[in-house]
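Engineer: Quick check, what structure comes out for this input:
(one chain, ligands or ions: 1)
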Amino acid sequence: MDRNIEAHDQISTILDRQRTARIAAGEPDAAERRARIQQVIDLLVDRADDLAKALDVDFGGRPEGYSLMNDVVGSITALKYSRDHLETWMAPDERPVFAPYDQLGATARVLHQPKGTVGIIGTWNAPVYTLMSPLAGVFAAGNRAVLKPSELVPRTAEVLADAVSAAFDPEVLAIVTGGPDVADALTSLPFDHLVFTGSSAVGKLVMANAATNLVPVTLELGGKSPTIIGAGADLADAAHRIAVGKATNGGQICVSPDTVHVPADRLDDFVDELRAAYTALHPTVEDNPDVVAIVDDRHAARVDGYVADAARLGARIETAPDVAVPQSTRRRPLRMVIDPPAEAVIRREEVFGPALVLLGYDDIDEVIDAINAGPNPLALYYFGTDPAEQAAVVDRTLSGGVTVGDVMMHPGLQDAPFGGVGSSGMGHYNGREGFLQFSHARSVFRSAGPDLRGEWGMLPPYTEQFRAMMAAQVTR
Ligand code: NAD
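Structural biologist: The predicted structure follows:
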């Protein structure tokens, strides 16, 4: 891709201005940080309805109540949590000093200092949340920021750009809009940290750009989040919870259940339960305003293509509710893709839409092995009543996070890290971990008293006594 020189120069100027202002002003105190966070909360409250309306139009159907819950209230909750706790997080952290300087009165502490300017790139699926929830930690840690919303939701990006530009001096918070060329320009600049939420493929490009300036990155990526129906699981309860999770945002959520592993002898019963549970939430599709549409034609064709490919390879497809795929809208029923063969595209690619893979299994070890053979998932879900099996699933796999007995709950924890591992990402934010992620942990040693090393025989010319003293410390 040709680099967008204009965007590069524009963002470079913002970065320089933020850096100059930061050096002149010094580190913001707790009151200043709280005020900045409050400004973000205020702009979200003021523009909540505009954002929800823009999201509805951008998606071609997204209930305003859902957008208020997910994007606006979700962001505000994270911002308030940081606002109300940042002063505690900022407190210097006293550390023990090594002997004999501890006896001489030396002290040590770890300061958490702002890194500088953080660039934050968001996705289309949760366009406000993927910018504003990392911003809570970025501002709590005393940084400045530049936001880049997704180009796939242009009206939402415009409302955000308008609101941020009206509320903030760009020396504190700036926003740039545009597509991959703008994001490429942004990530090629010497920010002090980058937060990228998006696909693993683009995450690699971001990391490659960041590497040219040694910019640290937080990568919030995706992947296939497995769900396991284990021994003793209540099928109706699990189906209900999975249906609720899968229906959320039309399955366009990074932690949406993607592949469900079901004991082979219970697979048909589970399909019936899931069909019933999903149909109870969405009895109709085409004209149902509660069904979130697929964001654009390309993504609709992508999801439809996964299902068609699996069907062609012999997978059974069940639809909930049992209706034909609408042609006039991008709203879709849930397609359950049952036991597709390993070569089906849907077995490899993250679904990120209203379709779900169901795989029958005979032995839980097969499932654990299959999960371990693939990339580390962002989320993993387990339903079942056998504590030993549950422990085996959690202990012998690795994922960004886990919810047991439900789906998509752990990312809602305000004071627990949210992030991936391996190909589902690196770094994390939320609550205290967000503050730590965007702070530089700076160790400070303060000397006290006279320098006694000469009197202790520790300085050149080295003597045999010094050698013996060191030899005595070579211990187990
Ligand atoms: P995407 O990777 O296509 O785009 C994300 C952002 O990257 C957009 O703002 C886009 O403009 C920008 N971008 C595009 N090309 C770029 C480049 N060359 N360099 C830098 N930035 C570039 O992702 P998407 O389709 O918007 O979102 C879907 C993906 O995001 C899914 O994989 C999903 O799992 C993941 N996701 C993860 C989380 C999380 O918190 N882990 C949250 C939401 C979505």
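Engineer: near the ligand, which residues of this protein?
Structural biologist: Within the chain, the positions adjacent to the ligand are 121-126, 130, 148, 150-151, 179-180, 183-184, 187, 197-199, 202, 205-206, 220-222, 254, 350, 352, 378, 420, 425 by Cβ under 6 Å from any ligand atom. Placement of C-beta: from N, CA and C, glycine included.
Engineer: which helix is the longest one in the protein?
Structural biologist: Longest helix of the chain, by residue count under DSSP state H: helix 30-59.
Engineer: Now do the contacts for whatever residue of the chain ends up closest to the ligand.
Structural biologist: Proximity to the ligand, evaluated over the chain using Cβ to the nearest ligand atom, is greatest for residue 222 at 2.0 Å. The contact partners of residue 222, by Cβ atoms under 8 Å, 6 or more residues apart in numbering, come to 198-200, 254, 350, 352, 378, 424.
Engineer: Which secondary structure state is assigned to it?
Structural biologist: coil (DSSP: H, G, I helix; E, B strand; the rest coil).
Engineer: Residue numbering should commence at 508 henceforth.
Structural biologist: Okay, using 508 as the starting number, the last item reads as residue 729.
Engineer: coming back round to it: any buried residues in the longest helix of the chain, and which?
Structural biologist: 537, 540-541, 543-544, 546-548, 550-551, 554-555, 557-563, 565-566 (16 or more other Cβ atoms under 10 Å).
Engineer: Equivalent analysis for stretch 528-538, please.
Structural biologist: Those buried within stretch 528-538 under the rule 16+ other Cβ under 10 Å are 529, 535, 537.
Engineer: How about stretch 562-580?
Structural biologist: For stretch 562-580, by 16+ other Cβ under 10 Å, it's 562-563, 565-571, 573-575, 577-579.
Engineer: For this structure, give me the ranges with low pLDDT.
Structural biologist: Counting by pLDDT under 70, the chain shows low-confidence ranges at 508.
Engineer: circling back: helices or strands up against whichever helix or strand comes after the longest helix of the chain?
Structural biologist: Per DSSP states H and E, helix 537-566 leads on to helix 571-574 as the next helix or strand towards the C-terminus. When contacts are defined as 3 or more Cβ pairs under 8 Å, 6 or more residues apart in numbering; DSSP states H and E, helix 571-574 sits against helix 537-566.
Engineer: could you say what helices and strands the helix it packs on packs with?
Structural biologist: Using 3+ Cβ pairs under 8 Å, 6+ apart: helix 537-566 touches helix 571-574, helix 581-597, helix 636-647, helix 661-674.
Engineer: What does the nearest residue to residue 954 once chain neighbours are set aside show for phi and psi?
Structural biologist: Leaving aside its sequence neighbours, residue 954 sits nearest to residue 613 (Cβ to Cβ, 6 or more residues apart in numbering; 5.4 Å). Note on residue 613: backbone dihedrals following degrees, to the nearest 10 are phi -70, psi 150.
Engineer: Which helix or which strand is home to residue 765?
Structural biologist: Counting by DSSP H and E, residue 765 is found in strand 764-770.
Engineer: starting at the chain centroid, how far to that strand?
Structural biologist: 22 Å (Cα atoms, centre = their mean, to the nearest Å).
Engineer: Pull the distance from the helix or strand following it to the chain's centre.
Structural biologist: With elements assigned by DSSP H and E, the helix or strand that comes after strand 764-770 is helix 774-788. Put simply, helix 774-788 sits 29 Å off its chain's centre (Cα atoms, centre = their mean).
Engineer: Show me what the following helix or strand past helix 774-788 is in contact with.
Structural biologist: Using DSSP H and E, the next helix or strand after helix 774-788 towards the C-terminus is helix 804-819. Residues outside helix 804-819 that contact it (Cβ under 8 Å, 6+ apart): 759, 801, 824, 832, 837, 839, 842, 844, 847, 851-853, 856, 858-862.
Engineer: Over to stretch 836-843?
Structural biologist: Contacts for stretch 836-843 (Cβ under 8 Å, 6+ apart): 567-568, 750, 753-754, 757-758, 778, 781-782, 785, 789, 792-793, 795, 798-804, 807, 810-811, 814, 824-830, 832-833, 860-863, 865.
Engineer: send the alpha carbons of that stretch over as PDB?
Structural biologist: In PDB, the C-alpha atoms belonging to stretch 836-843 read as follows (Å, rounded to 0.1, in the frame of the first residue of the first chain):
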ATOM      1  CA  THR A 836     -31.400  -7.000   4.100                       C
ATOM      2  CA  ARG A 837     -28.100  -8.100   5.700                       C
ATOM      3  CA  ARG A 838     -30.000  -9.600   8.700                       C
ATOM      4  CA  ARG A 839     -29.500 -13.300   8.900                       C
ATOM      5  CA  PRO A 840     -30.800 -16.200  10.900                       C
ATOM      6  CA  LEU A 841     -28.300 -18.300  12.900                       C
ATOM      7  CA  ARG A 842     -26.800 -20.900  10.600                       C
ATOM      8  CA  MET A 843     -25.600 -24.000  12.600                       C
END
